[in-house]
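>>> Using only what follows, build the 3D model:
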Amino acid sequence: MNTADNDIQVPLVGAVPSVPKGYSAEGLAGSKKVELNAQLARENATLAQEIAELAQERDLLRTVIDNLPDKIYAKDKQGRFVLNNPTHAKAFGLDSPEEMKGKTDFDFFPQELAAQFYLDEQRTIETGEPVINQEQYKNNPRDPNSPKRWSISSKVLWRDRRGGILGTVGVTRDIHEMKTAQEALHKSEEKLRQLAAQLERSNRELADFAYVASHDLQEPLRKITVFGERLKEQNPNLTAESADCLNRMQKAAGRMQVLINDLLAFSRVTTKAQPFTSVNLAETAAGVLEDLEGRIEMVKGQVEVGALPVIDAEPLQMRQLLQNLIGNALKFRRPELAPVVKVEAQIIPDPDLPGRQLCRLTVCDNGIGFDEKYVDRIFNAFQRLHTRDEYEGTGMGLAIVRKIALYHGGDITAKSKPGEGSTFILTIPVVHPRKASPETK
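The predicted model follows:
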């Protein structure tokens, strides 16, 4: 049929186009065959490459499965083994994983345990919920009388490419050494907590005893001092020997009084401490210098105080700490040199607790110094590096300082060389809970 639309010839429905000029029907058929063969060759090459890659992935997976120390297995929906690795087979005393194919847990485990495994797997198949990190404590299947060991198992669904359920895949790992180590650690931690609580009770009882005992000794000492003075006043004609004995008695009583006061101060760090509050260390240092003004003038010393921060602390203890450190720096001076003491502080980050700041307070002097091998000893109670004739004191000053530092959740150390002075370094938190930390030592 002809149309009048721009003189375009439209063939009848069902008509077959004619063969183009210059081509025969046989030539067209041959060309299509060549093109089809080329396409098949390309597809075959692609398929061969995919098969090779699949084989490589299969070999890699098999290598991993066969060499892992964990027990790896796959079961069909009836619980029959279809894949196992050598580790799994060896656990049952078998030479090859092939010996396990077609068998079930009932062939290797006690009835009750095998039933539990089967029910777990059926629940996974029915609900899709995996079994993750299920701990088991069981004997070696080969020897019911063997010691039990801890293991951990995980099981998930095994599906085909279309999502159909084939069974389950599982991994079991021996964690006996890890579990026993955890249990031992737990027991050690519990024992440590008990010992720490016992030590805290002992320290508290000891501090209470020291406070009470020291307080009760005050009155007898006062009587010794008072009656000694009366004896002097009432007996002005004492022999030289008697007067010397009386003087020695009074000096000994005086030393005992100082020692008792130091013991009381040491025990009060924990027994009579006040709540933590904001403490301006600059103001505290100024108050200490006023108290020590007479001693500073007597030794012609100089105390330089740098910028000091405001921190959370127990006010009276901070005052006592600075007084002990500065007082020691003035006392242990070189005879030929006027003492110079520098008190400085800086805020530093806590290396053990991100976000927390520490106050690093230093008290530096140009005194006699000491050998650093004694750095731990000087912070212990009643420890002295010099005789009482050389330098007065009870050996309690630095012990009190260290106890205050520990009470504030910090610590103190020192750097020194004989004849070159000393630097005492206190480190405590800037912001502190309004509750003191328990002492660790």
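>>> Tell me if I'm right that residue 369 and residue 414 touch.
No - under the criterion of CB atoms under 8 Å, residue 369 makes no contact with residue 414, lying 9.8 Å away. Placement of C-beta: from N, CA and C, glycine included.
>>> Overlap in contacts, those two.
Counting by CB atoms under 8 Å, 6 or more residues apart in numbering, the common neighbours of residue 369 and residue 414 are residue 422.
>>> If you tally nearby residues, what's the number for the residue lying closest to residue 140 once chain neighbours are set aside?
Nearest non-adjacent residue to residue 140, counting by CB to CB, 6 or more residues apart in numbering: residue 146, 4.2 Å away. Around residue 146 there are 11 other residues, counting by other CB atoms under 10 Å.
>>> Tell me the secondary structure at residue 146.
Classification of residue 146 using DSSP: H, G, I helix; E, B strand; the rest coil returns coil.
>>> so how far is residue 86 from it?
21 Å (CB to CB, to the nearest Å).
>>> Does residue 221 lie in a helix or a strand, and which?
Assessed by DSSP states H and E, residue 221 sits inside helix 176-234.
>>> Repeat that for residue 307.
With DSSP H and E as criterion, residue 307 is part of no helix or strand.
>>> Isn't it up against residue 359?
No - contact criterion CB under 8 Å: residue 307 and residue 359 do not qualify, at 11.8 Å.
>>> Surely residue 360 is within a helix?
No - looking at residue 360 with three-state DSSP, it is strand, so not inside a helix.
>>> Please, where are all the helices along the stretch 1-150 of the chain?
For the stretch 1-150 of the chain, helices defined by DSSP state H, counting those that start in this stretch occupy the ranges 25-67, 86-91, 111-127.
>>> so of these, which one's packed in deepest?
Comparing the helices of the stretch 1-150 of the chain by mean neighbour count (mean count of other CB atoms under 10 Å), helix 86-91 comes out on top with a mean of 18.
>>> And that helix, what does it pack against?
strand 71-76 (3 or more CB pairs under 8 Å, 6 or more residues apart in numbering; DSSP states H and E).
>>> C-alpha coordinates for the strand it packs on, CSV please?
The C-alpha atoms that make up strand 71-76 are tabulated as CSV, following Å, rounded to 0.1, in the frame of the first residue of the first chain:
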residue,chain,number,x,y,z
LYS,A,71,37.8,-26.2,64.8
ILE,A,72,35.8,-25.2,61.7
TYR,A,73,32.8,-27.3,60.5
ALA,A,74,29.6,-27.1,58.4
LYS,A,75,26.5,-29.3,58.9
ASP,A,76,23.4,-29.8,56.8
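>>> Who does that strand pair with, and is each partner parallel or antiparallel?
With DSSP bridges as the criterion, the sheet partners recorded for strand 71-76 are strand 81-84 (antiparallel), strand 165-174 (antiparallel).
>>> continuing past the one helix or strand in the chain whose mean pLDDT sits lowest, what's the next helix or strand?
Every helix and strand in the chain was compared by mean pLDDT, DSSP states H and E; the lowest is helix 240-271, with a mean of 74. The helix or strand immediately downstream of helix 240-271 is strand 277-280, counting by DSSP H and E.
>>> How about residues contacting that next one?
308, 310, 311, 312, 313, 314, 315, 318, 434.
>>> picking up where we left off before, can you tell which of the helices of the stretch 1-150 of the chain is closest to residue 230?
helix 111-127 (91.8 Å; CB to CB).
>>> Got phi/psi on residue 308?
For residue 308, the backbone dihedrals (degrees, to the nearest 10) come out as phi -120, psi 140.
>>> And the closest residue to it other than its chain neighbours, how close does it get to residue 232?
Leaving out its chain neighbours, the residue that sits closest to residue 308 by CB to CB, 6+ apart is residue 281, at 3.7 Å. Note on residue 281: its distance to residue 232, by CB to CB, is 45 Å.
>>> low pLDDT regions in the stretch 101-250 of the chain?
For the stretch 101-250 of the chain, applying pLDDT under 70 flags the ranges 206-207, 209-216.
>>> And the residue most central in space within the chain, which helix or strand is it part of?
When CA atoms, centre = their mean is applied to the chain, the residue found nearest the centroid is residue 352 (8.5 Å). Applying DSSP H and E as the criterion places residue 352 outside every helix and strand.
>>> Identify the residues contacting it.
Applying CB under 8 Å, 6+ apart, no residues contact residue 352.
>>> pLDDT at it, what is it?
Residue 352 carries a pLDDT value of 85.
>>> So what does it look like in phi/psi?
phi -100, psi -10.
>>> measure it to residue 406 for me?
Taking CB to CB, one finds residue 352 at 16 Å from residue 406.
>>> Same question for residue 369.
From residue 369 to residue 406 the distance is 25 Å (CB to CB).
>>> Then residue 220?
Counting by CB to CB, the gap from residue 220 to residue 406 is 32 Å.
>>> Show me which of these two is the more surrounded one.
Taking other CB under 10 Å, residue 220 and residue 406 do not tie; residue 406 has more neighbours (21 against 11).
>>> export the strands paired with strand 71-76 to a markdown table and tack on mean neighbour count and distance to residue 52?
Putting the strands paired with strand 71-76 into a markdown table (neighbours: other CB atoms under 10 Å; distance: least, CB to CB, whole Å) gives the following:
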| stretch | mean neighbour count | distance to residue 52 |
| --- | --- | --- |
| strand 81-84 | 20 | 22 |
| strand 165-174 | 19 | 25 |
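>>> Take the ones you listed and write them to a markdown table, including distance to residue 119.
Shown next, in a markdown table, are the strands paired with strand 71-76 (distance: least, CB to CB, whole Å):
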| stretch | distance to residue 119 |
| --- | --- |
| strand 81-84 | 17 |
| strand 165-174 | 12 |
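>>> So which of the ones you listed is nearest residue 54?
The nearest among these, by CB to CB, is strand 81-84 at 16.9 Å.
>>> which residues touch that closest one?
Against strand 81-84 from outside (CB under 8 Å, 6+ apart): 65, 71-76, 97, 100-104, 167.
>>> re earlier: in contact with the residue nearest to residue 308, which residues?
Residues near residue 281 by CB under 8 Å, 6+ apart: 308, 309, 310, 311, 318, 322, 345, 359, 361.
>>> least confident pick among these?
When these are compared by pLDDT, residue 318 scores lowest at 91.
>>> Which strands or helices does the helix or strand where that one lies pack on?
When elements are assigned from DSSP H and E, residue 318 belongs to helix 315-331. For helix 315-331, the packing partners by 3+ CB pairs under 8 Å, 6+ apart come out as strand 277-280, helix 281-291, helix 293-298, strand 340-349, strand 357-365, helix 397-407, strand 422-429.
>>> Can you check which of those gets nearest to residue 38?
strand 340-349 (71.4 Å).
>>> burial of residue 218, as a residue count?
Residue 218 has 14 nearby residues by other CB under 10 Å.
>>> how much does the helix holding residue 221 deviate in direction from helix 397-407?
Compare the direction of helix 176-234 with that of helix 397-407 by axes from the mean of the first three to the mean of the last three CA atoms, to 10 degrees and you get 140 degrees.
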